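# sharing a model that was predicted from the sequence below.
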Amino acid sequence: MIILPAIDLRGGKAVRLLRGEYDNMTVYGENPVEVALSFREKGASNLHVVDLDGALSGNTDNFDMIKRLVSESGLAVEVGGGIRDEKRIYNYLDMGAVRVILGTVAAEDPAFAEEMAKKYGAHIAVGADIKDGEIATHGWTKKSGTDTDTFFRMMQDMGISTIICTDVSRDGALMGTNMELYRHLIEKFSINLIASGGITNVDEVFELARMNMFGAILGKAIYNGNIDLCEAVKAEKI
């Protein structure tokens, strides 16, 4: 299992939202590159980056900062947030990102996601952000009407190799991640699954690794000190 410490960008700063609420935000770093380098010093090899402004607006608000994170961090970076056309996919992959995450566009235009998966293969991942049992879109501010299992089946059938799955109700809340959800998805679908949202302690990280998760994204818990990243990365060896 890979460990992906997370940097969410808003206004060029590293922030965290509580349950996806844009008006409930904490700034954890004025310089996201320094934050990324601190993750690397603690043993991380991967980084999960989300352009929160882009997710909301569909624009490339933090493009220059993401480019710096890819080029200066020394980490394998996956990028999401507002990626809704092929030009943006190409630009992120061209700068050196290892994966580009399709969120809103995968829910609203599955044919486009399928086309991009065929063209770019494992460099394409899909974000499944779950809110009240439905896939959420537009920076978690809207619900698509598609339930979780239906969405996962559709993505798997289209050849999507990796899904980042977030229980929005748990994200940033430090109340524990949704193990029941991930067990269900692992058992039902043959896809690389990355857990995100609410992972609170290192025991959960190791439990996810034993479930054969492909990856785990760590956010607020490492910023607040609930999880020691140096310990968490040891789960990659399970």
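Thanks, I have it. Numbering: from 1, shown residues only.
# going on from the lowest-mean-pLDDT helix or strand in the chain, what's the next piece of helix or strand?
The helix or strand of the chain with the poorest confidence is strand 21-29; it has a mean of 75 (mean pLDDT, DSSP states H and E). Proceeding N to C from strand 21-29, the next assigned helix or strand is helix 32-41, under DSSP states H and E.
# ok, residues contacting stretch 207-222?
For stretch 207-222, contacts defined as CB atoms under 8 Å, 6 or more residues apart in numbering pick out 1-6, 8, 16, 39, 46, 48, 162, 164, 166, 171-172, 174, 177, 179, 182-183, 186, 192-197, 199-201, 205, 226-229, 232, 235-236, 238. The way it works is simple: take the backbone N, C-alpha and C, and place the C-beta from them, glycine included.
# so which of the residues you listed sit within helices?
Members of these lying in helices (criterion: DSSP state H): 39, 179, 182-183, 186, 205, 229, 232.
# about what we covered before: and the contacts of stretch 207-222, which are buried?
1-6, 8, 16, 39, 46, 48, 162, 164, 166, 171-172, 174, 177, 182, 186, 192-197, 199-201, 205, 227, 229, 232, 235-236 (16 or more other CB atoms under 10 Å).
# need the contact list for residue 206.
With contact set as CB under 8 Å, 6+ apart, residue 206 has these partners: 235, 238.
# I meant residue 42, not that one.
Counting by CB under 8 Å, 6+ apart, residue 42 has contacts 228-230, 233.
# run the last query once more with 10 Å
5, 222, 228-233 (CB atoms under 10 Å, 6 or more residues apart in numbering).
# ranges for the strands of this protein?
Secondary structure of the chain (DSSP state E): strands located at 2-10, 13-18, 21-29, 46-51, 76-80, 99-102, 124-131, 134-137, 142-147, 162-167, 192-196, 215-218.
# who does the second one pair up with?
According to DSSP bridges, the neighbouring strands of strand 13-18, each with its direction, are strand 2-10 (antiparallel), strand 21-29 (antiparallel).
# which of the residues in it are buried?
Residues 13-17 are the ones in strand 13-18 that count as buried (16+ other CB under 10 Å).
# which one among those residues gets closest to residue 68?
Nearest to residue 68 among these: residue 14, at 12.2 Å, using CB to CB.
# shaky segments in this structure?
18-21, 23, 25, 139-141, 170-174 (pLDDT under 70).
# max pairwise distance over the ones in helices among the contacts of stretch 207-222: which two?
Going by CB to CB, the pair spanning the ones in helices among the contacts of stretch 207-222 furthest: 39 and 183, at 27.8 Å.
# to residue 137, which of the strands paired with strand 13-18 lies closest?
That would be strand 21-29 among these, by CB to CB, at 14.4 Å.
# returning to what we had before: any chance of the buried residues of strand 13-18 in JSON lines, plus distance to residue 121?
Below are those laid out as JSON lines (distance: CB to CB, whole Å):
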{"residue": "13", "distance to residue 121": "33"}
{"residue": "14", "distance to residue 121": "30"}
{"residue": "15", "distance to residue 121": "32"}
{"residue": "16", "distance to residue 121": "31"}
{"residue": "17", "distance to residue 121": "31"}
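# pick the one among those closest to residue 30.
Nearest member of the buried residues of strand 13-18 to residue 30, counting by CB to CB, is residue 13, at 5.7 Å.
# what bridges to the closest one?
Bridge pairing for residue 13 - DSSP bridges - gives residue 10.
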